[in-house]
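Chemist: Task: produce atomic coordinates for the following.
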Amino acid sequence: MMKLTILAISLMACTQLSAADLTLKIKHRYLNFPISHRMDRKKMVMKVKDKEYCRFVIRLAEDNPDYWVFQNVSDLMGKSITFSYEGSDKALAQIRQEDAPHDAAEIYHEAERPQYHFTTRRGWINDPNGLVYADGKYHLYYQHNPYERDWENMHWGHAVSTDLLHWDEKPDALHPDSIGTIFSGSAVVDVANTSGFAKKKGQQPIVALYTADHPKYQRQCVAYSLDGGTTFTKYAGNPVIDSHAKWQSHDTRDPFVFWYQPKQRWVMVLNERDGHSIYNSTDLKHWEYKSHVTGFWECPGLFELPVEENPSERLWVMWGASGTYMVGHFDGETFTPVTPKQSNQNGSAYAAQVFNCLPTADSRVIKMVWGRLTFDGAPFNGFMLLPQRQTLHKTALGYQLYSYPVKETERLFTKVAEADNMSADKANELMAPFKDNDMLHIRATLHFTYATDGGLSYRGQRLVNYDLNGNRMNGDFYAKATPTSTDLDIDVYIDRSVVEVYADNGAFSYSIKRDVNSKNPEGYRFWGNQIQVKHLEVSRAQSIW
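Modeler: Predicted structure coming up:
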């Protein structure tokens, strides 16, 4: 008994010694945190006037950090923050207040940083969330761990753009709370104030629907913004859907919400266990289950498109995180597929979402997609692929979804070379001056003389590898809509360490990591058994930062 008592006292003493508190009066815009991956994650809670401001885990460095992360606290200027930290007081004392991120001069200049794809300044990103157009701005929210380059601490990061190209990163919009961390979801402009969140006449709230992730369950919550999407207030009645008991599953997440005009109601598509469920609401707060479609996993989408070959025919597309989709009919409550599941993407692309509330004059459906690539040694991870327009085509293979970069991306590029009807050797001579350029858009039409493979490489890495005989594109099955064609149209976007490829105007696409450490001196090279380059355009890119 005496030994147990002594042990208990010792454990209590260790617990007390391993926890630290610190109070700071905010005098500068940023809190800068030193991060070391030699340290274990420890919980930190930040409070203002005894009210929780945010909570997260962090690898605070005691000395010699691997890199710095930061939090914009300009909204707390003049107030005091109390930090409760489960780690050491030595680490806690390393937090700095400054008027800018600690290493601001290095941001956007890291060796592997893409220059015309969106990346967060610091930390981890994954799924795009809450894509919405409001007051002349495109809002990109996204899964964000602002405190580390690895996955954890899910917040909603936030960036805005007026052209879908240049993004201004804002403070995180949604922070973890006692209900859970902030998983994926969507956002809408509540034009008619059906939610009742507006405080004055004519005000149009931006309403976010998101998943609160808890170790035991996932539940759906609501938050609203009255300042154009910068700050959000969480609905006091959260959670608004608690379906884990019904499905006997932890996996009930990622609500995608939109307004269904024919029946004057809101529609939510929610991933629940083995597929997507449909819910309806008139106020964004009270939801009624309607139907379920099996066969999808995570990050649902549902939207309507005209058939390009016959615009009077309109169909709906439902998809999941992996990029698989079905085409069918939708009546506001039930989705009825008319095609089997298909896919038009591969590689790093995952968890696409389309923008809500685009202007009436812009009839496009535009998606953003997370690129699941990591950047060795960098203080950030993940990126967003170029924004892509979605079009529906009726081909010899049936209804097919095409994805192609929006026309706005053309502004990023300046054409520097163009030629027609060349052998591969002649095309390679044209490409030789660009050997050291890793920010290009290459558009080409390849003609395959023999049923064999061919494509485009850079420094020995095959960026495009098309097998005409086996219907393979970089190892993935790709059947052309014109089965007897021996031509392949490719658009290749090289951006430092990432590459996007679109085949046949978006019938198929993929994204890969470029081998930036290759010692191969070879530049861009078209290869294959007697392939012809019927057309070639080369354009240089400019940085968006």
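
Chemist: ranges for the strands of the stretch 1-150 of the chain?
Modeler: Ranges of strands within the stretch 1-150 of the chain are 20-25, 30-35, 42-48, 51-58, 67-72, 80-85, 96-98, 123-134, 137-145, based on DSSP state E, counting those that start in this stretch.

Chemist: no, scratch that, I was asking about the stretch 201-350 of the chain
Modeler: 206-213, 218-225, 233-234, 252-260, 265-272, 275-281, 288-294, 301-307, 310-319, 324-330, 335-337, 342-343, 345-347, 349-354.

Chemist: Give the next helix or strand downstream of the last one.
Modeler: Counting by DSSP states H and E, the element after strand 349-354 in chain order, helix or strand, is strand 366-371.

Chemist: Quick one: residues in contact with the next helix or strand after that next one.
Modeler: The helix or strand immediately downstream of strand 366-371 is strand 380-381, counting by DSSP H and E. Strand 380-381 is contacted from outside by 110, 113, 119-125, 149-150, 373-375, using C-beta atoms under 8 Å, 6 or more residues apart in numbering. All C-beta atoms are positioned from the backbone trio N, CA, C, and that covers glycine.

Chemist: Let me know the closest of these to D99.
Modeler: D99 lies nearest to R121 out of the contacts of strand 380-381, by C-beta to C-beta, at 15.4 Å.

Chemist: just the buried members of the contacts of strand 380-381?
Modeler: Among these, those buried by neighbour count (16 or more other C-beta atoms under 10 Å) are 110, 113, 119-125, 149, 373-375.

Chemist: Show me how this protein divides into domains.
Modeler: 18-105, 123-405, 408-541 (automatic domain parsing).

Chemist: Tabulate these (JSON lines), appending mean pLDDT.
Modeler: Converted to JSON lines, the domains of the chain look like this (pLDDT from 0 to 100):
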{"stretch": "domain 18-105", "mean pLDDT": "93"}
{"stretch": "domain 123-405", "mean pLDDT": "96"}
{"stretch": "domain 408-541", "mean pLDDT": "95"}
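
Chemist: Burial-wise, tell me which of these comes out on top.
Modeler: For the domains of the chain, the largest average neighbour count (mean count of other C-beta atoms under 10 Å) is found in domain 123-405, namely a mean of 19.

Chemist: about what we covered before: distance to F508 added to the buried ones among the contacts of strand 380-381, as JSON lines?
Modeler: Shown next, in JSON lines, are the buried ones among the contacts of strand 380-381 (distance: C-beta to C-beta, whole Å):
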{"residue": "E110", "distance to F508": "31"}
{"residue": "R113", "distance to F508": "27"}
{"residue": "T119", "distance to F508": "25"}
{"residue": "T120", "distance to F508": "28"}
{"residue": "R121", "distance to F508": "32"}
{"residue": "R122", "distance to F508": "34"}
{"residue": "G123", "distance to F508": "32"}
{"residue": "W124", "distance to F508": "28"}
{"residue": "I125", "distance to F508": "25"}
{"residue": "R149", "distance to F508": "31"}
{"residue": "L373", "distance to F508": "19"}
{"residue": "T374", "distance to F508": "24"}
{"residue": "F375", "distance to F508": "26"}
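
Chemist: Out of the strands of the stretch 201-350 of the chain, flag the one nearest W167.
Modeler: strand 349-354 (15.7 Å).

Chemist: Direction included, what does that closest one pair up with?
Modeler: strand 366-371 (antiparallel) (DSSP bridges).

Chemist: what's the spacing between the partner strand and its chain's center?
Modeler: Distance of strand 366-371 from the chain centroid (C-alpha atoms, centre = their mean, to the nearest Å) equals 6 Å.

Chemist: before we move on, what about stretch 269-277?
Modeler: Taking C-alpha atoms, centre = their mean, one finds the center of stretch 269-277 at 20 Å from the center of the full chain.

Chemist: go on, stretch 477-494?
Modeler: Worked out by C-alpha atoms, centre = their mean, stretch 477-494 lies 26 Å from the chain centre.

Chemist: Then stretch 196-212?
Modeler: 23 Å.

Chemist: Just the element for K415, please.
Modeler: K415 belongs to strand 413-423, assigned by DSSP H and E.

Chemist: still on that earlier bit, L392: which of the strands of the stretch 201-350 of the chain is closest?
Modeler: Closest approach to L392 among the strands of the stretch 201-350 of the chain (C-beta to C-beta): strand 301-307, 4.1 Å.

Chemist: got the CA positions of the closest one in CSV?
Modeler: What follows is strand 301-307 as a C-alpha-only set of coordinates in CSV (Å, rounded to 0.1, in the frame of the first residue of the first chain):
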residue,chain,number,x,y,z
GLY,A,301,-21.5,15.6,-54.9
LEU,A,302,-24.7,16.0,-56.9
PHE,A,303,-25.3,18.5,-59.6
GLU,A,304,-27.2,19.0,-62.9
LEU,A,305,-25.6,19.4,-66.4
PRO,A,306,-26.9,19.8,-69.9
VAL,A,307,-25.8,17.2,-72.5
